[in-house]
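**Q** build me a structure from this.
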Amino acid sequence: MNYRRAAVVSLMALLTILTFLTLGISLLQGAIGGFYHPNATEANYGLKYLWIFELTLFVNWLFAVYVAIRDKTDSKLKKLSMTFAVFLFVVLTFFVLYAVPRSYHAEYYIGQEKYSIPWQYNPINGSKAPGGKYFVIHVSYPDLRGQYENPDNRYELTLAKYTIGEKEKVGVSLDDLCLSENECSGLSYASNTYFVDNGFIYHIHYQGETITFKNRNELRKFGASIVSLFDSFKQK
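**A** Here you go, the predicted model:
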């Protein structure tokens, strides 16, 4: 009987260690993912608060192990049933919250203008208070959908809107991509370009297969679509 009890205790201890290691790895992965993709964690409450669910399950497991090994009372089975019920409740709650999308918006200022950007555009580097100079978004080409709406796209644009300043003019002017009205080059991998519109500088960093523009009019429409996208984030 002692051998059987020792085997059970050893097995439970091994499972606890494995559970602890799995929890640690998962929390570390979540922290790394949250660091590189902070806006993606805002997709739903399940992903945002995953660490709470994981810690709750681990504590619940520790209690179940304690009851299974140490508890000698008649309520042992009832307590174990309770831990199983807690397990089901936590797992069910997580999947429900994970399945419900969250309409999170990052709110930034450029000067006195306030912008509200959906998390799908992965907005970063903006000022939460009036007086901000710029903010950055990430989109796909040619539809200018948010990065997290189309994660498998082969064409990624990092776009920024700045207040006027010479240091923000990084790369080649968008107009200089055309030698004439009907002779234009395009955007190649890791290229940088910019254009000025209505007192603001728009910076474009591109990663993907080469994009070519047929003529200057097509290039101007491309710039206008970027301006319209940023304008759509303005708070009325």
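
**Q** grab the nearest non-local neighbour of the spatially most central residue of the chain.
**A** Nearest residue to the geometric centre of the chain (C-alpha atoms, centre = their mean): A40, 1.9 Å. Spatial nearest neighbour of A40, chain neighbours left out: Y148 (5.7 Å); criterion: C-beta to C-beta, 6 or more residues apart in numbering. Placement of C-beta: from N, CA and C, glycine included.

**Q** that neighbour contacts Q120, correct?
**A** Yes. Y148 is in contact with Q120 according to C-beta atoms under 8 Å; the separation is 4.5 Å.

**Q** need the residues touching each of the two.
**A** Residues touching both Y148 and Q120 comprise N39, with contact defined as C-beta atoms under 8 Å, 6 or more residues apart in numbering.

**Q** all helices for the chain, in order.
**A** Ranges of helices in the chain, per DSSP state H, are 2-36, 45-48, 50-70, 76-99, 216-232.

**Q** now mean pLDDT and mean neighbour count too, for those, in CSV please.
**A** As requested, the helices of the chain are arranged in CSV below (pLDDT from 0 to 100; neighbours: other C-beta atoms under 10 Å):
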stretch, mean pLDDT, mean neighbour count
helix 2-36, 76, 11
helix 45-48, 88, 17
helix 50-70, 88, 16
helix 76-99, 90, 14
helix 216-232, 92, 15
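
**Q** what about these, which gets the closest to Y141?
**A** The closest of these to Y141 is helix 216-232. By C-beta to C-beta, the value is 8.8 Å.

**Q** please save the CA atoms from that closest one in CSV.
**A** The C-alpha coordinates for helix 216-232 follow below in CSV (Å, rounded to 0.1, in the frame of the first residue of the first chain):
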residue,chain,number,x,y,z
ARG,A,216,1.8,59.5,-62.4
ASN,A,217,-2.0,59.6,-62.0
GLU,A,218,-1.9,56.1,-60.5
LEU,A,219,0.9,57.1,-58.1
ARG,A,220,-1.1,60.1,-57.0
LYS,A,221,-4.2,58.0,-56.3
PHE,A,222,-2.0,55.8,-54.2
GLY,A,223,-0.9,58.8,-52.1
ALA,A,224,-4.5,60.0,-51.9
SER,A,225,-5.7,56.7,-50.6
ILE,A,226,-3.1,56.9,-47.8
VAL,A,227,-4.3,60.4,-46.8
SER,A,228,-7.9,59.2,-46.9
LEU,A,229,-7.0,56.3,-44.6
PHE,A,230,-5.4,58.5,-42.0
ASP,A,231,-8.3,61.0,-42.3
SER,A,232,-10.8,58.2,-41.6
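
**Q** which helices and strands sit right next to it?
**A** Contact here means 3 or more C-beta pairs under 8 Å, 6 or more residues apart in numbering; DSSP states H and E; on that basis helix 216-232 packs against strand 134-140, strand 155-163, strand 178-180, strand 183-184, strand 191-197, strand 200-208.

**Q** neighbour count winner among Y148 and Q120?
**A** Using other C-beta atoms under 10 Å, the more surrounded residue of Y148 and Q120 is Q120, with 23 against 17.
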